[in-house]
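Q: sequence below, structure please.
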Amino acid sequence: MTMIAIGLIGLASAGVYLWRRRFIDALLVLVAAAALAGIGGNFSLPHTAAKGPLTGDGLTEAQWRDLSARPLAWTVPASPVLRLDFPRRLTLGRMFTFTIHRDKPGAARLQLLAENKQVIAEASGSAASLSVQWLPPAAELLVLRARLLDAAGNTLAEGPVPLNVVDAAPLRVQGRFAAPSFDLRVLNELLANSGALLDWQVTLGKTVTRSETAREPMAAPNLLIIDAAWFERASESARAALLAQGTPLVILGANASDTRIWQRAMQLDLKPQADGRVAGALAMPVAPFNPVAGTWTAGDGTFWTRGRITWVGVGDWHRLAISQPRQLALWWQGVLDGAGVKVEQDVTWEEPREMAFAGQRLELCAQGAKGDAVFPSLQQKIVWQRRLDKADASCVAVWPRQAGWLKMEGKGGETYVFDAADWPQWQAAQRRDATSRYLARTAAPAAIGSTPLPAWPFALLFTLAMLALWWRERGRLA
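A: Residues are numbered from 1 along each chain as shown. This next block holds a predicted model:
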């Protein structure tokens, strides 16, 4: 509508001047109207942006970061790639999971090999993704190998799998129990073998209590464990003090008997369970009473959680300590994870986004890192620096000189540098992903007719035409 109004007013004004036979003034009016239309019309010039050609899989993330943004003409290659998913750092006692993702499903076999070339885990299937699991026995630097075989046993891909297994920070556990049992003894041994600091008290009689103090001074506990009988026999003030601590609380429910106390103390609705019923993959006997489905979230059928409180609804796990010790330890780890138990780490390392290679920039980031990062093999000392795009993390950048473990002074800072010939299909996948991210953050190239005309020339032309018309009118009046 604005453009139509400008056109009609311009034509009417020019018509008046033409009727008076003032042709130059009519021309100035048309020029001014055209310039005003140009200001408000958002006109564009025909233009086709030139795109830089790019072939192959593209570049790595580190290489793209060193280049300025520019539009590219790139087509993703059709050759198959592999994507590997595994943690580079793992806390001792955690299960290591290695997953390989393929473009297309098909019968295949995945093997995980130890440093002595012995197969330590194997899986087969036809899905696009295959996974193997392995529990490291000790804290150490490892370079395992993974091998992908087809249905005929031919090797499709093989390469190193670096793994830095680190010791866990000791868990600080306070335990209070109304009666001794084999289950408590096994749980005590599991926690002690993990390096936990234990403040353990077991009531043996009305006036007799067996206590186990921590091997070193212990700060506030980050895990509380009680059995149901202790809570039922405790005073109201002791229960209130326990619940007010705000620390993750695990309740062993096998010896619960008074459901009214639980309903009154923490609004926990317990229901009787059928005798002889078992739960979970380890098929442990179910406790006499367990939470009713509702506000409590069921874990794997053996425990329930609500906030920071966890109810363990099975017993007799001591029978598995000899027959299935590994599975029992992993089950307890799952219970503690479900309870939200966290151990504070002085430094939390961030997983590298890509494979590191010799001669290419390697960026290492960590939360809680302070001072200098020292690399003995590089003879370099670099100050940790904060990054705007890394929340609460500091980073350093280095250029490794050779493949293998690049060690940093301190615990957990080791990073593996791959050889240029390692995992070529994984390298291709990472380059394609990095190139796609680069194109996504690069401004889209302008299409035909998308280059807008600047407004200032039209404004200048409109001003000059109106000034000339004013000057002519002023001279005519004079």
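
Q: mind checking the longest helix of this protein?
A: Scanning the chain for the longest helix, with DSSP state H as the assignment, gives helix 456-477.

Q: by contact count, what packs against it?
A: In terms of contacts (3 or more CB pairs under 8 Å, 6 or more residues apart in numbering; DSSP states H and E), helix 456-477 is packed against helix 23-40. Heads up, the C-betas are built off the backbone N, CA and C, glycines and all.

Q: got the buried residues for the helix it packs on?
A: 25-39 (16 or more other CB atoms under 10 Å).

Q: got the CA coordinates for stretch 361-371 in PDB?
A: The C-alpha coordinates for stretch 361-371 follow below in PDB (Å, rounded to 0.1, in the frame of the first residue of the first chain):
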ATOM      1  CA  ARG A 361      46.600 -29.000  17.900                       C
ATOM      2  CA  LEU A 362      45.200 -30.800  20.900                       C
ATOM      3  CA  GLU A 363      42.900 -29.000  23.300                       C
ATOM      4  CA  LEU A 364      42.600 -30.400  26.900                       C
ATOM      5  CA  CYS A 365      39.900 -29.000  29.200                       C
ATOM      6  CA  ALA A 366      39.100 -29.700  32.800                       C
ATOM      7  CA  GLN A 367      37.000 -28.400  35.700                       C
ATOM      8  CA  GLY A 368      38.900 -27.500  38.800                       C
ATOM      9  CA  ALA A 369      42.300 -27.300  37.100                       C
ATOM     10  CA  LYS A 370      44.600 -24.600  38.600                       C
ATOM     11  CA  GLY A 371      48.100 -23.400  38.100                       C
END
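
Q: name the residues of it that are buried.
A: The neighbour-count check on stretch 361-371 (16+ other CB under 10 Å) flags 361-366, 369 as buried.

Q: can you put those in a markdown table and add distance to residue 185, secondary structure and pLDDT?
A: Output for the buried residues of stretch 361-371, formatted as a markdown table (distance: CB to CB, whole Å; DSSP: H, G, I helix; E, B strand; the rest coil; pLDDT from 0 to 100):
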| residue | distance to residue 185 | secondary structure | pLDDT |
| --- | --- | --- | --- |
| 361 | 53 | coil | 89 |
| 362 | 48 | strand | 90 |
| 363 | 48 | strand | 89 |
| 364 | 44 | strand | 90 |
| 365 | 43 | strand | 89 |
| 366 | 39 | strand | 88 |
| 369 | 41 | coil | 84 |
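
Q: which stretches of the stretch 201-350 of the chain form strands?
A: In the stretch 201-350 of the chain, the strands defined using DSSP state E, counting those that start in this stretch lie at 209-212, 223-227, 249-252, 270-272, 278-279, 284-285, 289-291, 297-298, 303-306, 309-312, 348-349.

Q: now these in JSON lines, please, with extra columns for mean neighbour count, distance to residue 8 and mean pLDDT.
A: Putting the strands of the stretch 201-350 of the chain into JSON lines (neighbours: other CB atoms under 10 Å; distance: least, CB to CB, whole Å; pLDDT from 0 to 100) gives the following:
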{"stretch": "strand 209-212", "mean neighbour count": "11", "distance to residue 8": "96", "mean pLDDT": "82"}
{"stretch": "strand 223-227", "mean neighbour count": "23", "distance to residue 8": "82", "mean pLDDT": "94"}
{"stretch": "strand 249-252", "mean neighbour count": "25", "distance to residue 8": "80", "mean pLDDT": "95"}
{"stretch": "strand 270-272", "mean neighbour count": "14", "distance to residue 8": "83", "mean pLDDT": "90"}
{"stretch": "strand 278-279", "mean neighbour count": "16", "distance to residue 8": "83", "mean pLDDT": "77"}
{"stretch": "strand 284-285", "mean neighbour count": "20", "distance to residue 8": "88", "mean pLDDT": "90"}
{"stretch": "strand 289-291", "mean neighbour count": "23", "distance to residue 8": "79", "mean pLDDT": "90"}
{"stretch": "strand 297-298", "mean neighbour count": "15", "distance to residue 8": "71", "mean pLDDT": "81"}
{"stretch": "strand 303-306", "mean neighbour count": "21", "distance to residue 8": "73", "mean pLDDT": "88"}
{"stretch": "strand 309-312", "mean neighbour count": "25", "distance to residue 8": "77", "mean pLDDT": "92"}
{"stretch": "strand 348-349", "mean neighbour count": "19", "distance to residue 8": "70", "mean pLDDT": "85"}
